[in-house]
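> just coords:
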């Protein structure tokens, strides 16, 4: 088990170094850093001095190693537009994005799995067909459209929830601000979380449904029926557990993309998270933020994959013996 | 003769397809007495497994029992609700399937599965059920059952898994076991052990067994009586010795001739030319075997042969039946 985790950490490091090199190329070669930092009236001599002091005249290898070394210490340089360290900016914005993403991931599991089970068990009933039809809408409507529709319906027309922002937040510790402890924070969270969750929810529902239909046809379920086990146990103990193994992978990867690509939802709802920061940095060619964001997303996917693999071990006993045997 | 434990009467199963129904079982009748092992043979697609599933009430849509009845101890069980059928499956009739590798839930230990099955039918404490599970594993020949009860299915070999499957089928002490090709997926040396185990359980517990297989060797040494199926019909039933040595139906004769023996060193094994016809949309107005039969004559291709009783045997073939007048064209 420990060897397995260490091995996975090793390959994670390789992935991160590779992405780090990509981030460096982005950082160094997209636009001229000096031009981004100085005004139009700066003299050429001043520019050269700055170039020298930033180390931009060193060889590419030295620059790359320096970039990676700094990145390993969470030093991603200074944002061109905000004139503040990038790491500070990201940490400031991270709680908003993580809260939004985790809540919507939770929503999509808590609602998506039961919907999937219901539509698999009641295969030919009207509600299963209704769920299938609705899920098709959920999977094909673009997120920004859903967000705008929600705003129009629940903010503008019904006036139930605010249409933008994060509401009041409370500071927890040095870095973390949370909107989960105030009523205005919670109210502000509902619309963006639902918007972000809708796609994942329908995806998970459809996945659970198809997996479960597959498992219900399998030999061991037929044998369970032939032994006279109650339907409740067959459906929810044996069939559901067997259906969830592939769901874990997809849910994990989806959580990654929810965090990484909450950008659109954050923009629609003006949610002060990392996604919004990233979009602003793209508009302003704020390359240090883009490079750091790229690394952050990569690190997160690697971490989630590791967690998914460990969860596999917990759910499926067959993997334990094979990893023991190696 | 006492009343049979299981009696299948004129059973007909159809599958609804987009192009209309297809008849998978037609006019299937046979009995199984208490303590008797009935072998059911026939080639793939003859309806052997489907007959087993029909008895268990496990035919999934689009298949359904259209007519006929299945009687257990004189009571009809073919139209019971799922809830009442659940009380039959396990305590009255159990079924084991072909592939022991896929018959067990991979995510639960064999002990969990045994205990769950025992407690589904008997009001036992978890501890008592576990003791019973260990006892059952020992009875089906799993060595060191106290330790093995906590093993996962994938930690057993194929033959051992089939023993676990049999233990699971025995949990609620059934009167009849439907064994659907229980040895097909196993290698030959293990096959004999599993068959011996089934025979021993049948003898010690007075179990009836419906043994579905296409292995005539297994039938010959295990079964008391045999039913030969062809294209969804039972073409011949009778005591195993008589059917093996003097089959009445040409198809059964062909099957028996195809059993390889050590004495006759044939260069080529005997075979029946041609293949079984596909499912038909309605009862065939002729004998389904006539295209492959070398003894066919006029009525075979125009009228389906009725079942004739000849002593302890039954056969559906015009060779053993007076041909009705006017049948010959």
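Arrived safely. Just so you know, these numbers come straight off a predicted model, no measurement behind them.
> what parts of the stretch 101-250 of chain B come near chain A?
Residues of the stretch 101-250 of chain B that fall close to chain A, judged by CB under 8 Å from any CB of the partner chain: B:102-109, B:116-117, B:120-121, B:152, B:154-155, B:165, B:168-169, B:171-172. Backbone N, C-alpha and C define where each C-beta goes, glycine included.
> which among those residues count as buried?
Among these, those scoring as buried are B:102-109, B:116-117, B:120-121, B:152, B:154, B:165, B:168-169, B:171-172 (criterion: 16 or more other CB atoms under 10 Å in any protein chain shown).
> in the chain, where is pLDDT below threshold?
Let's take chain A. Applying pLDDT under 70 to chain A picks out residues A:261, A:320-326.
> that's the other chain; I wanted chain B
Counting by pLDDT under 70, chain B contains low-confidence ranges at B:1-2, B:261-269, B:323-329.
> identify, by residue count, the longest helix of chain B.
Longest helix of chain B, by residue count under DSSP state H: helix B:188-205.
> now do whichever helix or strand residue A:28 is part of: distance to the chain's middle.
Assigned by DSSP states H and E, residue A:28 belongs to helix A:2-29. How far helix A:2-29 lies from its chain's middle: 18 Å, per CA atoms, centre = their mean, to the nearest Å.
> with stretch B:88-97 instead?
Mean C-alpha position of stretch B:88-97 versus that of the full chain (CA atoms, centre = their mean) differs by 13 Å.
> where do the helices sit along chain B?
B:48-56, B:82-88, B:100-103, B:110-121, B:126-139, B:145-148, B:158-170, B:188-205, B:216-222, B:240-245, B:250-257.
> so the residue nearest to residue A:239 when sequence neighbours are not counted, which state does it fall into?
Residue nearest to residue A:239 in three dimensions, not counting chain neighbours: residue A:215, with 4.9 Å by CB to CB, 6 or more residues apart in numbering or on different chains. Assigned by DSSP: H, G, I helix; E, B strand; the rest coil, the conformation of residue A:215 is helix.
> secondary structure element holding the residue nearest to residue A:150 when sequence neighbours are not counted?
Leaving aside its sequence neighbours, residue A:150 sits nearest to residue A:191 (CB to CB, 6+ apart; 5.0 Å). Per DSSP H and E: residue A:191 is located in helix A:183-216.
> near the residue in the stretch 1-150 of chain B that chain A sits nearest to, how many other residues are there?
At 3.2 Å from chain A, residue B:90 is the closest residue in the stretch 1-150 of chain B, using CB to the nearest CB. Neighbours of residue B:90 under the rule other CB atoms under 10 Å in any protein chain shown: 25.
> that one and residue B:119 touch, don't they?
No - with contact defined as CB atoms under 8 Å, residue B:90 does not count as touching residue B:119 (11.4 Å).
> state the distance from whichever residue of the stretch 201-329 of chain B sits closest to chain A to residue A:253.
The minimum distance from the stretch 201-329 of chain B to chain A, using CB to the nearest CB, falls at residue B:210 (13.0 Å). Note on residue B:210: its distance to residue A:253, by CB to CB, to the nearest Å, is 48 Å.
> quick one, what contacts the closest residue to residue A:192 other than its chain neighbours?
Nearest non-adjacent residue to residue A:192, counting by CB to CB, 6+ apart: residue A:269, 4.3 Å away. By CB atoms under 8 Å, 6 or more residues apart in numbering or on different chains, the contact set of residue A:269 is A:147, A:151, A:163-165, A:191-192, A:195.
> what helices or strands is the helix holding residue A:191 leaning on?
Helix A:183-216 makes packing contacts with helix A:86-121, helix A:126-140, helix A:143-150, helix A:240-260, helix A:263-268 when contacts are defined by 3 or more CB pairs under 8 Å, 6 or more residues apart in numbering or on different chains; DSSP states H and E.
> next, format those helices as a markdown table and append mean neighbour count.
Converted to a markdown table, the helices and strands packed on helix A:183-216 look like this (neighbours: other CB atoms under 10 Å in any protein chain shown):
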| stretch | mean neighbour count |
| --- | --- |
| helix A:86-121 | 21 |
| helix A:126-140 | 14 |
| helix A:143-150 | 17 |
| helix A:240-260 | 19 |
| helix A:263-268 | 22 |
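> which of these sits closest to residue B:86?
Across the helices and strands packed on helix A:183-216, residue B:86 has its closest neighbour in helix A:86-121 (16.5 Å, CB to CB).
> residues of chain A that sit close to chain B?
With the criterion set to CB under 8 Å from any CB, chain A comes near chain B through A:218-220, A:222-231, A:233, A:237-238, A:241-242, A:315-318, A:321.
> type out the PyMOL command that picks the buried ones from these.
Those of the residues of chain A next to chain B that count as buried under 16+ other CB under 10 Å are selected in PyMOL with:
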select buried, chain A and resi 218+219+220+222+223+224+225+226+227+228+229+237+238+241+242+316+317
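> what helices or strands is the host helix or strand of residue A:51 leaning on?
Residue A:51 is part of helix A:44-53 when elements are defined by DSSP H and E. The contact analysis (3+ CB pairs under 8 Å, 6+ apart) places helix A:44-53 against helix A:33-37.
> tell me what the helix it packs on is packed against?
Helices and strands touching helix A:33-37, by 3+ CB pairs under 8 Å, 6+ apart, are helix A:44-53.
> how far does the helix or strand that the helix it packs on is followed by sit from its chain's centre?
Downstream of helix A:44-53, the first helix or strand assigned by DSSP H and E is helix A:60-72. Centroid separation for helix A:60-72 versus its chain: 27 Å, with CA atoms, centre = their mean.
> buried set for helix A:60-72?
Under the neighbour-count criterion of 16+ other CB under 10 Å, helix A:60-72 has A:63-64, A:67-68, A:71 buried.
> cool, and stretch A:308-324?
Within stretch A:308-324, the residues scored as buried using 16+ other CB under 10 Å are A:308-309, A:311-312, A:316-317, A:319-320.
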